[in-house]
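1. pasting the sequence and the predicted coordinates here, then a few questions.
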Amino acid sequence: MKKSFLSLLAGVLLTTCCISCADKVSTNYSVPVTRNQEGVFVTETPAKPAGQQDMLQFAAEPMENIRVGFIGLGMRGPGAVVRMMNIEGVEIAALCDVEQDRVEKVAKRVVEAGNPEPKMFYGSTDAWRELSAMPDLDLIYIATDWGTHAMMGVQGMKDGKHVAIEVPSAMNMQEIWDLINTSEQTRKHCMQLENCVYDFYELTALNMAQQGLFGEVLHTEGAYIHNLEPFWKDYWNDWRLQYNINNYGDLYPTHGLGPVCQVLDIHRGDKMNYLSAFQTKTVAIPEFIERTQGRDVTENFRNGDHTITLIKTEKGKTINIQHNVATPRPYNRMYQLTGTKGFANKYPVQGFALTKESFGGQSNVENKNHENLDGHSFVPVQMRDSLLKAYQHPIVNDELIETAKKVGGHGGMDFIMDYRLIYCLQNGLPLDMDVYDLAEWCAPIELSAISLENNSMPVEVPDFTRGAWDKLDGLKFHVKK
Ligand SMILES: NC(=O)c1ccc[n+]([C@@H]2O[C@H](COP(=O)([O-])OP(=O)(O)OC[C@H]3O[C@@H](n4cnc5c(N)ncnc54)[C@H](O)[C@@H]3O)[C@@H](O)[C@H]2O)c1
């Protein structure tokens with residue numbers, strides 16, 4: 001009797017504890033977080049105001065000439081100005097940075113290239129507001145540190161401009177929803193400047209995937225693995241190292257996630273449902289700081305050296321993204337596609353493994369000897385190179401690639417990104433990347449932190465379209481008819 005009473009009591013206590021765990025609301029995050037009945041952590045999705053339309057396939061009125069204002073002229077920003085100077089129809093209308101010399105140096109370059117002098121703003125962390133308020137500006141291009149991206153993007157759209165924001169454009173769920181709501185309300189483009197989707201290998205592999213060479217792509221991988229030790233000292237006011245010291249999770253997921261989300265048609269027929277994150281302990285960066293600055297930051301250093309985030313999609317696909325800016329390793333974005341008929345890999349070696357079924361009996365590749373296509377090994381290098389040529393993505397051509405390589409920016413992909421942004425604006429077409437791509441590719445930052453702080457428990461990835469993720473039938477890059 002006593003035993004059964006005790007087990008009843010234990011059962012009641014356990015149930016009460018589980019219910020209170022399930023209902024627990026954390027206040028540590030940018031939006032309220034609860035746990036659902038399955039134990040999955042859920043971040044709050046704000047209700048969509050009545051009458052507010054989504055931005056799927058949104059196209060603005062065509063603009064022949066585009067006046068661009070740039071905010072942030074550190075290591076990244078000046079290259080963007082130079083690339084834009086090489087695109088017909090672009091006017092470098094305004095430049096802004098806190099630092100006067102950075103603005104003047106870039107303005108000089110603009111003038112020396114035969115262009116009118118841009119308006120200049122500098123001298124305070126608020127000077128950008130004057131640029132944003134300019135009446136004669138169409139697009140604001142933001143390349144500042146991470147902490148200012150979303151705030152500037154929101155204000156830019158409220159001031160009537162389209163905005164293009166460097167990666168990651170938003171660092172938490174509140175910033176993501178602010179950008180989505182502002183874009184939907186103002187009917188202004190809000191594009192994340194994710195350049196890696198324009199890398200020639202990724203573009204070609206996307207085209208091959210869309211033409212069915214890999215069959216159904218089931219599993220994908222992507223990463224930002226880049227030892228930043230030689231670069232930490234170069235960031236303005238040490239912002240990047242400080243961000244890694246004070247935060248947790250995959251802080252830079254967009255280069256790895258963007259290209260594979262495009263292959264998986266995320267919010268164009270599939271959606272990410274939930275993620276779980278795993279992380280090593282923190283060693284390398286605190287050791288680096290101790291070695292170079294004599295400071296012991298081990299106690300306060302939050303981020304682990306290597307972060308792995310696993311994501312499951314609605315249509316039963318998986319994504320593995322990784323982040324490591326700490327340990328000595330060769331640069332690696334992983335980029336891997338595992339399909340039912342083939343496989344693509346970018347790092348450390350570029351290769352495709354294909355099967356006879358990959359071509360459905362046809363091929364426009366010169367080497368038609370498919371006898372050795374058993375999927376066990378990469379196709380011969382000669383065939384790989386023929387494939388890369390034959391399946392070059394239709395948004396690029398040899399002439400454009402040559403210009404891109406000449407103008408530069410990570411081997412040319414940065415130029416293709418800027419070119420496509422301007423091309424779509426000039427022709428009144430939907431941009432290649434919309435505000436929901438921005439949201440999905442930035443979401444793992446805070447969502448991975450929630451998972452890591454809760455024993456790698458699953459965290460729901462919201463449907464940022466709020467009900468329209470299945471409305472579009474696959475990803476299309478638009479071209480003028
Ligand atoms: N897509 C890519 O491949 C790629 C490569 C490098 C950097 N980035 C991104 O570009 C951004 C900038 O990186 P970076 O390497 O140039 O950093 P950086 O520290 O060299 O430059 C940041 C610049 O922003 C300016 N700034 C900061 N706050 C400002 C404000 N309130 N108003 C005006 N200017 C302000 C600083 O003065 C500085 O010149 C980051 O988001 C980074 O992640 C992307």
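-> Cool, the structure landed.

2. need the residues of the protein near the ligand, please.
-> Contact residues (C-beta under 6 Å from any ligand atom) of the chain with the ligand: 71-77, 96-99, 102, 125, 128, 143-146, 148, 166-167, 195, 235-236, 410. All C-beta atoms are positioned from the backbone trio N, CA, C, and that covers glycine.

3. filter these to the buried ones?
-> In the residues of the chain next to the ligand, burial by neighbour count holds for 71-74, 77, 96-98, 102, 128, 143-146, 148, 166-167, 195, 235-236, counting by 16 or more other C-beta atoms under 10 Å.

4. just the ones of those in strands?
-> Of these, the ones assigned to strands by DSSP state E are I71, C96.

5. give me the nearest residue to the residue of the stretch 51-200 of the chain found nearest the ligand, chain neighbours excluded.
-> The stretch 51-200 of the chain approaches the ligand most closely through G74 (1.8 Å), counting by C-beta to the nearest ligand atom. Closest residue to G74 apart from its sequence neighbours, by C-beta to C-beta, 6 or more residues apart in numbering: W236 at 5.2 Å.

6. just H478 next, same as before
-> Closest residue to H478 apart from its sequence neighbours, by C-beta to C-beta, 6+ apart: L429 at 4.0 Å.

7. circling back to that earlier point, what values do phi and psi take at the residue of the stretch 51-200 of the chain closest to the ligand?
-> phi -90, psi -130 (degrees, to the nearest 10).

8. okay but it is in contact with R102, surely?
-> Yes. With contacts counted by C-beta atoms under 8 Å, G74 reaches R102, the gap being 7.0 Å.

9. could you report the neighbour count for the residue nearest to H478?
-> For L429, the count of nearby residues is 19 (other C-beta atoms under 10 Å).

10. how would you label it: helix, strand or coil?
-> coil (DSSP: H, G, I helix; E, B strand; the rest coil).

11. thought K480 was touching it, still the case?
-> Yes. In terms of C-beta under 8 Å, L429 counts as a neighbour of K480; the distance is 7.0 Å.

12. between these two, what contacts are shared?
-> Counting by C-beta atoms under 8 Å, 6 or more residues apart in numbering, L429 and K480 have no shared contacts at all.

13. roughly how far does V81 sit from D145?
-> 18 Å (C-beta to C-beta, to the nearest Å).

14. how far does the strand or helix carrying M157 sit from its chain's centre?
-> Using DSSP states H and E, M157 maps to helix 149-158. From the chain centre to the centre of helix 149-158 is a distance of 17 Å (C-alpha atoms, centre = their mean, to the nearest Å).

15. contact partners of it?
-> Helix 149-158 is contacted by residues 71, 128-129, 132, 140, 142, 144, 162-163, 165-166, 168-171, 175-176, 178-179, 182-183, 186, 188, 190 when judged by C-beta under 8 Å, 6+ apart.

16. recalculate using a threshold of 6 Å.
-> By C-beta atoms under 6 Å, 6 or more residues apart in numbering, the residues outside helix 149-158 that reach it are 132, 140, 142, 163, 165, 169-170, 175, 178-179, 182, 186, 188, 190.

17. ditto for stretch 118-134
-> With C-beta under 6 Å, 6+ apart as the criterion, stretch 118-134 contacts 69, 71, 92-98, 100, 103, 107, 110, 155-156, 159.

18. next, the buried residues of it.
-> Buried residues in stretch 118-134, defined by neighbour count with 16+ other C-beta under 10 Å: P118, K119, M120, F121, Y122, A127, W128, R129, L131, S132, M134.

19. same question, stretch 28-37
-> Going by neighbour count (16+ other C-beta under 10 Å), the buried part of stretch 28-37 is Y29, S30, V31, V33, R35.

20. distance from the chain centre to that stretch, please.
-> On C-alpha atoms, centre = their mean, the centre of stretch 28-37 falls 23 Å from the chain's centre.

21. just want the residue of the stretch 201-350 of the chain that's nearest the ligand.
-> For the stretch 201-350 of the chain, the residue closest to the ligand is W236, as judged by C-beta to the nearest ligand atom, at 3.4 Å.

22. looking at it, that residue is touching M75, isn't it?
-> No. With contact defined as C-beta atoms under 6 Å, W236 does not reach M75; the gap is 8.7 Å.

23. distance of V297 relative to N273?
-> Using C-beta to C-beta, which is the criterion applied here, V297 is 36 Å from N273.

24. and the pLDDT for the residue nearest to H478?
-> We note a pLDDT of 98 for L429 in this prediction.

25. how close does it get to the ligand?
-> Going from L429 to the ligand by C-beta to the nearest ligand atom, to the nearest Å gives 22 Å.

26. count the residues that sit near the closest residue to Y201 other than its chain neighbours.
-> Using C-beta to C-beta, 6+ apart and skipping residues adjacent in sequence, the residue nearest Y201 is K346, 5.4 Å away. Residues lying near K346 (other C-beta under 10 Å) number 20.

27. and R187, by the same measure?
-> Neighbours of R187 (other C-beta under 10 Å): 12.

28. kindly report the same for D234.
-> Neighbourhood size, D234 [other C-beta under 10 Å]: 11.

29. now it: closest residue in space that isn't a chain neighbour?
-> Nearest non-adjacent residue to D234, counting by C-beta to C-beta, 6+ apart: M75, 6.3 Å away.

30. my read is that H267 contacts Y436, right?
-> Yes. With contact defined as C-beta under 6 Å, H267 counts as touching Y436 (5.0 Å).

31. shared neighbours of the two, anything?
-> Joint contacts of H267 and Y436 (C-beta under 6 Å, 6+ apart) are T465.

32. tell me, please, where in the chain the pLDDT is lower than the cut-off.
-> Across the chain, the ranges flagged by pLDDT under 70 are 1-27, 361-372.

33. let's see that with 50 instead.
-> The chain contains residues with pLDDT under 50 at 1-22, 367.

34. how about I142: which residues does it bridge to?
-> Beta-bridge partners for I142, by DSSP bridges, are I71, I165.

35. contacts for stretch 459-474?
-> Contacts of stretch 459-474 from elsewhere in the structure, counted by C-beta under 6 Å, 6+ apart, are 40-42, 45, 48, 54, 56, 265, 267-269, 271-272, 274-275, 436, 439, 443, 447, 450-451.

36. just the buried ones among the residues you listed, please.
-> Buried residues within the contacts of stretch 459-474, counting neighbours by 16+ other C-beta under 10 Å: 41-42, 54, 56, 265, 267-269, 271-272, 274-275, 436, 439, 443, 447, 450-451.

37. cross those against strands and list the overlap.
-> Using DSSP E, F41, V42, M272, Y274, L275 are the members of the buried ones among the contacts of stretch 459-474 that sit in strands.

38. show me the contacts for the fourth one.
-> For Y274, the contacting residues are V40, K312, P458, E460, taking C-beta under 6 Å, 6+ apart as the criterion.

39. give me the neighbour count for R302.
-> 14.

40. list the contacts for it?
-> Neighbouring residues of R302 by C-beta under 6 Å, 6+ apart: N247, Y248.

41. repeat for the one 3 residues further on
-> When contacts are counted by C-beta under 6 Å, 6+ apart, D305 touches T280, V283, A284, A326, T327.

42. sec struct for the residue nearest to the third one when sequence neighbours are not counted, please.
-> By that I understand A284. Excluding the flanking residues, the one nearest A284 by C-beta to C-beta, 6+ apart is A326, at 4.0 Å. Of the three states, A326 takes coil under three-state DSSP.

43. A326 against I285, yeah?
-> Yes. Counting by C-beta under 6 Å, A326 touches I285, with 4.9 Å between them.
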